[in-house]
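Student: Could you look at this predicted model? Sequence included:
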Amino acid sequence: MSESATTPSEELAPGQTMKVGRYIAGYIVFWLFTATGVTMITNVLMPQFVKNIGASNPAAIIGVASSIAMVVAMISNVVFGAISDRTRTRFGRRAPWLVIGGIVAIISFVLMPMQSTGVGVIIVYSIAQIGMNIMYAPFYAVLSDNVPESRRGTVSMANGLGNSVGCGIGPMLGSMFIGQVVPGLIIGAVLVGAGGIVAAFVFPNKNDVAVMKASKRPDRSVGQQLLYTLTPPRHCPDFWKAFVGRTLIMLSVQMVSSYLLYLVQDYLGLANDAAAALIGTYSLIVTITSFVTLIVGPLSDKMGRRKLPAYIAVVLICGSFASWLLGGSGMMSATVAVIVAAVLYGAGYGTFTAIDQALNVDVLPNKEDAGKDLGFINVGTTAGMAAGALMTSTIYSISGGYTMVFPVAIVMTLVGAFSISRIKVVK
């Protein structure tokens, strides 16, 4: 584990033990709401809405929207992470931004049903990304602020559990609104923003204090501080190995999940009603299998290992992609292929997210700048997700189908695992 990450005591400060439960609850609540709303919108309802407004190439619209949103999210994540590092309020430095971001996200997504063109959808989705990243950047830094290394896997487990269950429930809930997209989009919008707002009140925010005394902080002008905010961490190779690993794994996952509706409808050839039913089954299975996070996070703490769970996750995720490939080739029935893919993906993604945040915090070069530096790592998530959608739309445009999506996703996942394997300060 990195020396910089172990600055806090390995034991919780007096009176803080019970507060770990509030951090766990906050992580679960945040992702249960936010991931449900985001996947409900982006995996099912937004693609269906784009079809409904008569876009000639819906896959291309989704790809462009994701690409522009990626750039917007990358900038806003880093900037608001750094701003939260310097925020000082009676509610802590992270909580106010969770609330502000939640409000912006709700308003933005509520505007989506009012759009009548693909361009309108792209603009609204980009603004929504700003709101979500106002939440994400400070949220990720909470783990670094307050939880010692010996408990990070357990708290990260809560992050993984909420995320995985939310990602399972979202498409299932979204599939129920395929015939009524507008109310579904509004419900999804409220869920996305509610995650940040509720978590802000669940976290013990007054414990969210600055690491470095004000008198010891560098004296920078506004321009110098802005430049520093946008400067990536230097001389920390393990940080960037974690960045690459996370980016590629998230990219591969999003290559499939962002096109879930189109894959079931167009790749496997199911009609709308059958597609909705199968997506509901897929999502239910993902939700159930993702509870593996309850075991993985605490076990990672006990073993003092982060890499092994990541390797297991990669094998399972690659297996899920292979199942989709077999279903599309006719070597396995569509229903069986999707069910097998759901089991493997739920277990794999749940395993990865259980230790993901703990791994990221372990490689931080400077705890005082946790918000800023985690902002750069979280760019890996945002960039990976957006690039994954763009890559799938590109493959579809070039090849005329979705078959090559899965071999490419498998390769990306394996390269991401290799990058993680090269990290030296984490076992």
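Tutor: Structure received. Numbers count the residues shown, from 1 in each chain.
Student: if I read this right, Val192 contacts Val38, doesn't it?
Tutor: Yes. At 5.7 Å, Val192 counts as touching Val38 under the criterion of CB atoms under 8 Å. Yep, even glycine has a C-beta here, placed from its N, CA and C like the rest.
Student: Have a look at those two and say which one is more surrounded.
Tutor: Val192 (29 against 24; other CB atoms under 10 Å).
Student: Could you say which helix or strand holds that one?
Tutor: helix 181-202 (DSSP states H and E).
Student: just to revisit the earlier point, can you list residues touching both of Val192 and Val38?
Tutor: Both Val192 and Val38 are in contact with Met132, where contact means CB atoms under 8 Å, 6 or more residues apart in numbering.
Student: So Ile122, which state does it fall into?
Tutor: Classification of Ile122 using DSSP: H, G, I helix; E, B strand; the rest coil returns helix.
Student: Kindly provide the distance from the nearest residue to Tyr267 once chain neighbours are set aside to Ala337.
Tutor: Nearest residue to Tyr267, sequence neighbours excluded (CB to CB, 6 or more residues apart in numbering): Tyr402, at 4.3 Å. Between Tyr402 and Ala337 the computed distance is 13 Å (CB to CB, to the nearest Å).
Student: With Ala276 instead?
Tutor: 17 Å.
Student: again with Met176
Tutor: 23 Å.
Student: The two: which is more packed in?
Tutor: Neighbour count, other CB under 10 Å: between Met176 and Ala337, Ala337 has more, with 22 against 15.
Student: If we ignore the residues flanking it in sequence, what's nearest that one?
Tutor: Gly327 (2.5 Å).
Student: Repeat that for Ser84.
Tutor: Pro138 (3.8 Å).
Student: which residues does the one you found contact?
Tutor: Phe80, Gly81, Ser84, Arg93, Arg94, Ala95, Trp97, Leu98, Gly371 are the contacts of Pro138 under CB under 8 Å, 6+ apart.
Student: Identify the farthest-apart pair in the residues you listed.
Tutor: Gly81 and Ala95 (14.4 Å; CB to CB).
Student: Pick out whichever of these two has more residues nearby.
Tutor: Gly81 (31 against 28).
Student: re the thing from before, which other helices and strands does the helix holding Val192 contact?
Tutor: Judged by 3 or more CB pairs under 8 Å, 6 or more residues apart in numbering; DSSP states H and E, helix 181-202 is in contact with helix 19-39, helix 46-52, helix 95-110, helix 118-146, helix 149-175.
Student: Could you list the buried residues of that helix?
Tutor: Using 16 or more other CB atoms under 10 Å as the test for burial, helix 181-202 gives 181, 184-189, 191-200, 202.
Student: Ok, stretch 404-424 next?
Tutor: Applying 16+ other CB under 10 Å to stretch 404-424 flags 405-406, 408-410, 412-414, 416-417, 419-420, 423 as buried.
Student: Need the residues that contact it.
Tutor: 237-238, 241-242, 244-249, 251-253, 255-256, 259, 307, 310-311, 314, 317-318, 321-322, 324-325, 328, 359, 363, 388, 391-392, 395-396.
Student: Repeat the analysis, applying 7 Å as the threshold.
Tutor: Here stretch 404-424 makes contact (CB atoms under 7 Å, 6 or more residues apart in numbering) with 238, 241-242, 244-245, 248-249, 251-252, 255-256, 307, 310-311, 314, 317-318, 321, 324-325, 363, 391-392, 395.
Student: Which of the residues you listed are buried, as a PyMOL select command?
Tutor: To isolate the buried members of these in PyMOL, using 16+ other CB under 10 Å:
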select buried, resi 238+241+242+244+245+248+249+251+252+255+256+307+310+314+317+318+321+324+325+363+391+392+395
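Student: Which ones among the contacts of stretch 404-424 map onto strands?
Tutor: Within these, no residue falls in strands by DSSP state E.
Student: Cross the contacts of stretch 404-424 against helices and list the overlap.
Tutor: 238, 241-242, 244-245, 248-249, 251-252, 255-256, 307, 310-311, 314, 317-318, 321, 324-325, 391-392, 395 (DSSP state H).
Student: So what's the gap between the one helix or strand Val71 maps to and the chain middle?
Tutor: Val71 is located in helix 58-86, with elements delineated by DSSP H and E. Distance, stretch centre to chain centre, for helix 58-86: 12 Å (CA atoms, centre = their mean, to the nearest Å).
Student: Now do the buried residues in that helix.
Tutor: So helix 58-86, judged by 16+ other CB under 10 Å, has buried residues 58-70, 72-85.
Student: Just confirm Leu390 contacts Ser66, I think it does.
Tutor: Yes. Leu390 lies in contact with Ser66 (CB atoms under 7 Å); the separation is 5.6 Å.
Student: sorry, back to before: nearest to Arg22, of the contacts of Pro138?
Tutor: Using CB to CB, the contacts of Pro138 come closest to Arg22 at Ala95, 12.1 Å.
Student: in the host helix or strand of Ile295, what's buried?
Tutor: Here Ile295 is covered by helix 293-303, with elements defined by DSSP H and E. The neighbour-count check on helix 293-303 (16+ other CB under 10 Å) flags Thr293, Leu294, Val296, Gly297, Pro298, Leu299, Ser300, Asp301 as buried.
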